[in-house]
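Trainee: any chance you can model this:
(2 chains)
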Amino acid sequence: MDAKEFIAKRTAKFFKDNDLVNLGIGMPTKCMKYIDPDIDVWFQSENGVIGMTGEPKEGEVIDLDIVDAGGAPTGIRPGGCCFSSFTSFGYIRGGHVDYTVLGAYEVDQHGNLANWMIPGKAAAGMGGAMDLVTGAKCTIVMTVHCDKAGNSKIVRETKLPLTGVGVVDYVITEKCVFHFTKEGMVLEELAPGETVENILAITPCDIIVSENIKSMEE
Amino acid sequence: MAKSKVVTLEQAMEKCFDGMTVLLPGFVNCGVSETLIDGLMEKGIKDLNVISNNTSIKGQGIGRLVHDNRIKHITCSHIGNNTETVEKVVAGDINITFVPQGSLCEKTRAGGAGIGGILTPTGVGTPMQEGKQLLEWDDEAGQYKFVTADDPIKGKRFILELPLHGDVCFIHAWKADKMGNVVYHRTARNFNEPFATAADWVICEAEEIVEVGELDPDIINTPGALVDMVVQARKVEG
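Mentor: Okay, the predicted model is just below:
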């Protein structure tokens, strides 16, 4: 399985009935298709909708007044509703969103997240990311473990401009799952064929290895 | 007697001027006032100080103002959907102030609700706190105190974000009655509802203009009392 699909499949297992979930644009959107059909999740988009369904299927009528966080057409499920941006961010900042799922340039061992700006490069802006990571009950970062040059995207101390301080709860990569707790950064799950030794070797952080390490496919 | 606020696009543009601060709601290209932006383009209004969430997409909506160099400064949360805006910001043709999207909402809400500023945890410890006042909750004293970014952290921190207010706001309605009572459609509501409170003069373009009394009072999103003019919106091809 493709690395990004594998990460999406694992991330989708977090969600339970009635959870309110915000999926960032790009890789996080892939989670939708891996959710157990018996689980009834509410997808929220910060531009003012709860009950978003995803990209319209072929033959479905497209309403250009219903868009997702990337401005692309989407739909609304029965029971869904629309509201203004300030109501939406009230829900987000007020702790009503159970999970926010985003990508990252870097995450460090303190749970600091950098995902909006690289010094020297043109910045597109943070959009709603800073509010989402500040307000959501649980922040999940989906990322490939290493960048194209082979360097770990999970670092000891990030020097990049931050999106949020100590906000990350989980990092899901194609190799493992890290859980950020009061005690520190805990290695909790491994992908099939992956070893603790390899994760420790490629990830330059102080890592607590769980005594009860699980497979990401369990 | 219900007095009609319906005017022509030309009449609406008489309220617009070079250098004005204009609130332009919309999320990417959803809920953007294309017809009123036509008016700005035709009249040659320039040096705009724009408050918006983003800049639509290249060649559409706010993107047309970007393309034609009508914007001097923009306050927004994201420009990634419009590569031309990114290029013009890099080239120094447009000055930009990024504000987190939720803070942009609350700043305009404060501006429209008579609130002197808001305390938000969003952006604490990020570049968003630079140049802004920081407050920290002191549990023992039971009050906030001002701190600097370099002070050791002893409690929950908040950024003091100041209100935003504009000269003019354009809103895009699905339906409006002739007195300016507005109903938005689906996610096109987005920033239209908060921004409509935060300007001296609010111009509404409506896809459909109906008679006063046709809209159920319970479904009106923006009351006509806040709206100064109503213009018939042109059809936008999807």
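
Trainee: who's in contact with residue B:133?
Mentor: Taking C-beta atoms under 8 Å, 6 or more residues apart in numbering or on different chains, we find residue B:133 in contact with B:146, B:159, B:160. C-betas here are computed from N, CA, C, even on glycine.

Trainee: mind jotting down where the helices sit in the chain?
Mentor: Using chain A. A:3-12, A:85-93, A:129-135, A:196-202 (DSSP state H).

Trainee: switch to chain B, please.
Mentor: B:9-13, B:34-43, B:62-67, B:83-90, B:101-113, B:192-195.

Trainee: could you point out which of the ones you listed sits nearest residue B:24?
Mentor: helix B:62-67 (5.6 Å; C-beta to C-beta).

Trainee: residue B:203 and residue B:40 touch, don't they?
Mentor: No - taking C-beta atoms under 8 Å as the definition, residue B:203 is not a contact partner of residue B:40, at 10.8 Å.

Trainee: of the two, who's got more company?
Mentor: Each of residue B:203 and residue B:40 has its neighbours counted (other C-beta atoms under 10 Å in any protein chain shown); residue B:203 has more, 29 against 23.

Trainee: pLDDT score for that one?
Mentor: Confidence at residue B:203, expressed as pLDDT, is 98.

Trainee: could you report the neighbour count for residue A:206?
Mentor: The number of residues near residue A:206, taken as other C-beta under 10 Å, comes to 10.

Trainee: revised request: answer the last question for residue A:213.
Mentor: 15.

Trainee: quick one, what contacts the residue of chain B found nearest chain A?
Mentor: As assessed by C-beta to the nearest C-beta, chain A sits closest to residue B:28 within chain B, at 2.7 Å. Listed by C-beta under 8 Å, 6+ apart, the contact partners of residue B:28 are A:67, A:70, A:71, B:54, B:56, B:57, B:81.

Trainee: ok, the last one - contacts?
Mentor: Read it as residue B:81. Counted by C-beta under 8 Å, 6+ apart, residue B:81 has contacts A:70, A:71, B:28, B:29, B:54, B:55, B:56, B:57.

Trainee: can you check the second one too?
Mentor: When the contact criterion is C-beta under 8 Å, 6+ apart, the partners of residue A:70 are A:25, B:28, B:81.

Trainee: any idea how far residue B:19 is from it?
Mentor: Distance of residue A:70 to residue B:19, computed by C-beta to C-beta, to the nearest Å: 33 Å.

Trainee: got it, and the first one?
Mentor: According to C-beta to C-beta, residue A:67 and residue B:19 sit 32 Å apart.

Trainee: can you check residue A:135 too?
Mentor: Counting by C-beta to C-beta - residue A:135 and residue B:19 are separated by 36 Å.

Trainee: would you point out which residue of chain A is nearest chain B?
Mentor: residue A:71 (2.7 Å).
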